[in-house]
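Asks: sequence plus predicted model, see below.
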Amino acid sequence: MADLQSPIPLVEDLVKQAVISFKGKFGCEPTTAACAPGRVNLIGEHTDYNDGFVFPMALPLVTVIVGKKTESQQCRVLTLTEGVDDPNYVEFPVPSETSPLAPGTPKWANYVKGVVANYKGGSLPGFDCVIVSSVPVGGGVSSSAAIEVGTYTFLDQLTGSENGISKNEKALACQKAEHVFAGAPCGIMDQFISIMGETNHALLIDCRSLDCRLVPLKDPNVVILVTNSNVKHNIEASEYSTRRAQCENGAKVMGLTSLRDANEKQLEEHKSNLDDVTYRRARHVIGEIKRTEEAANALENNNYKLFGELMVQSHNSLRDDFEVSCTELDQLVEAAMEVEGVYGSRMTGGGFGGCTVTLLKRDAVPAALQHIKKRYSGTPTFYVCAASQAAHGLTL
Ligand code: GLA
């Protein structure tokens, strides 16, 4: 059933494609290139903006940027990425104190502009570049963080200096780009894992202290299956902001800075002060933070059975208490759980469409793909993924 899997393009092939387009568009050879991965979150959903734990890994699905410095004070950017809004080419000036950049249309360019505007590594030259990406747009696997971190890494390559800026600072600069230029009040998970991920490891991130712990994920008998529902319900952006506000309100009512400081006992004590929705939102976050730490320990001990159970608990809590799942994601999870050799499955990312993540035995993959495809009312896309490398510069 290998034919059911979507092939994951090699970075070299994406680079070749971008180089050909660069030459066609700008009439010369690019000199500089960088790439940054999307991510899948194994567990720890809607916990990052509550100062909690998340447990993502970097995907082999990446954004590649190739380009070259120019003598002009212009940034000229062409994207070949599928699924972005038109036009696929923009020009904007290198920002200065007197003429800062502002977000606008097309929307995809706001991620690039936002990073250019928040770049910490010194003054920027003008540049031409081409972007290409294998991270599905709107798939809940951080195509936006991949373009932000890809742009940041490309700019580091272009200026030839990282100016002692730490990885944390770079991730925060990319998050700011998303807040200010894309208007999405995201947490820190996506930019962090794109900058810090490691091959064959998942990363437990404490979103309060920003401490990270790498956990090996390289058992040849176990794989991560990412299944794209190929639906995206456009309520996601507004619902995300609403959830964030509900969590902040819940913490406030309980007299806390964030839900990270709450436990189940405190929640029950405050139940009468919280409306039902806020109570359930807080119950998800408090339970999910605990599950995420437990799951990282389970993975460290190769306890896939426990890890899988925690994934399913996470999904149920996101569906019932946090209410960010949808019929399509529920169907995919249910179908996956019916297959022998599947340890666990859950929705991943912000919700309301996008992908599920499933932990299963390698030899169960063919049966899982066939069964999920048969049971799902839509058309899924499957990616069998190994934990991959963080963003890095590429040699052309
Ligand atoms: C989106 C955000 C992340 C995180 C997840 C939910 O992907 O960008 O910061 O909040 O949703 O876990």
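Replies: Right, received. Where do you want to start? Residues are numbered from 1 along each chain as shown.
Asks: enumerate the residues of the stretch 151-300 of the chain near the ligand.
Replies: 186, 187, 189, 190 (CB under 6 Å from any ligand atom). The C-beta positions use only the backbone N, C-alpha and C, and glycine is treated the same way.
Asks: what would these look like in TSV with distance to residue 59, neighbour count and pLDDT?
Replies: Converted to TSV, these look like this (distance: CB to CB, whole Å; neighbours: other CB atoms under 10 Å; pLDDT from 0 to 100):
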residue	distance to residue 59	neighbour count	pLDDT
186	17	20	95
187	18	21	97
189	13	28	98
190	11	29	98
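Asks: restricted to strands, list the residues you listed.
Replies: Counting by DSSP state E, no part of these is found in strands.
Asks: would you map the helices across the stretch 251-396 of the chain?
Replies: 264-269, 276-300, 304-320, 327-337, 365-375 (DSSP state H, counting those that start in this stretch).
Asks: one more: the stretch 1-150 of the chain?
Replies: 11-26, 108-118, 143-159.
Asks: mean neighbour count and mean pLDDT added to those helices, as CSV?
Replies: CSV is the format used below for these (neighbours: other CB atoms under 10 Å; pLDDT from 0 to 100):
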stretch, mean neighbour count, mean pLDDT
helix 11-26, 17, 98
helix 108-118, 24, 97
helix 143-159, 27, 97
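Asks: which residue is nearest the middle of this protein?
Replies: With distances taken as CA atoms, centre = their mean, the residue of the chain nearest its centroid is residue 142 (3.0 Å).
Asks: among the helices of the stretch 251-396 of the chain, which comes closest to residue 207?
Replies: When the helices of the stretch 251-396 of the chain are compared by CB to CB, helix 276-300 sits nearest residue 207, at 9.5 Å.
Asks: what residues sit buried inside the closest one?
Replies: Across helix 276-300, burial judged by 16 or more other CB atoms under 10 Å covers 278-296, 298-299.
Asks: got the contact list for the residue in the stretch 251-396 of the chain that the ligand sits nearest to?
Replies: Residue nearest to the ligand within the stretch 251-396 of the chain (CB to the nearest ligand atom): residue 350, separated by 3.6 Å. Neighbour list for residue 350: 46, 140, 236, 240, 324 [criterion: CB atoms under 8 Å, 6 or more residues apart in numbering].
Asks: off-centre distance for stretch 111-131?
Replies: Centre-to-centre, stretch 111-131 and its host chain are 21 Å apart (CA atoms, centre = their mean, to the nearest Å).
Asks: and that stretch, C-alpha only, in PDB?
Replies: Output of stretch 111-131 as PDB, limited to C-alpha atoms (Å, rounded to 0.1, in the frame of the first residue of the first chain):
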ATOM      1  CA  TYR A 111       5.200  36.000   7.200                       C
ATOM      2  CA  VAL A 112       8.300  37.000   5.100                       C
ATOM      3  CA  LYS A 113       7.800  40.700   5.800                       C
ATOM      4  CA  GLY A 114       7.200  40.100   9.500                       C
ATOM      5  CA  VAL A 115      10.500  38.300   9.800                       C
ATOM      6  CA  VAL A 116      12.400  40.900   7.800                       C
ATOM      7  CA  ALA A 117      10.900  43.600  10.100                       C
ATOM      8  CA  ASN A 118      11.900  41.600  13.200                       C
ATOM      9  CA  TYR A 119      15.300  40.400  12.100                       C
ATOM     10  CA  LYS A 120      17.800  40.700  14.900                       C
ATOM     11  CA  GLY A 121      21.000  39.800  13.100                       C
ATOM     12  CA  GLY A 122      22.000  43.300  11.900                       C
ATOM     13  CA  SER A 123      21.200  45.500   9.000                       C
ATOM     14  CA  LEU A 124      19.800  43.800   5.900                       C
ATOM     15  CA  PRO A 125      20.700  44.200   2.300                       C
ATOM     16  CA  GLY A 126      18.100  44.100  -0.500                       C
ATOM     17  CA  PHE A 127      17.600  40.600  -1.900                       C
ATOM     18  CA  ASP A 128      15.800  38.500  -4.400                       C
ATOM     19  CA  CYS A 129      14.500  35.000  -3.400                       C
ATOM     20  CA  VAL A 130      12.300  32.100  -4.300                       C
ATOM     21  CA  ILE A 131      10.400  30.100  -1.800                       C
END
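Asks: so which residue of this structure lies furthest out from the middle?
Replies: Farthest out in the chain is residue 272, which, by CA atoms, centre = their mean, sits 36.0 Å from the centre.
Asks: that residue and residue 254, how far apart?
Replies: Between residue 272 and residue 254 the computed distance is 12 Å (CB to CB, to the nearest Å).
Asks: same deal with residue 302?
Replies: Taken as CB to CB, the span from residue 302 to residue 254 is 37 Å.
Asks: next: residue 82.
Replies: For residue 82 relative to residue 254 (CB to CB), the value is 44 Å.
Asks: tally of neighbours for the closest residue to residue 396 other than its chain neighbours?
Replies: Distance criterion CB to CB, 6 or more residues apart in numbering; nearest residue to residue 396, sequence neighbours excluded, is residue 33 at 5.3 Å. Residues near residue 33, counting by other CB atoms under 10 Å, number 28.
Asks: fine by me, we can end here.
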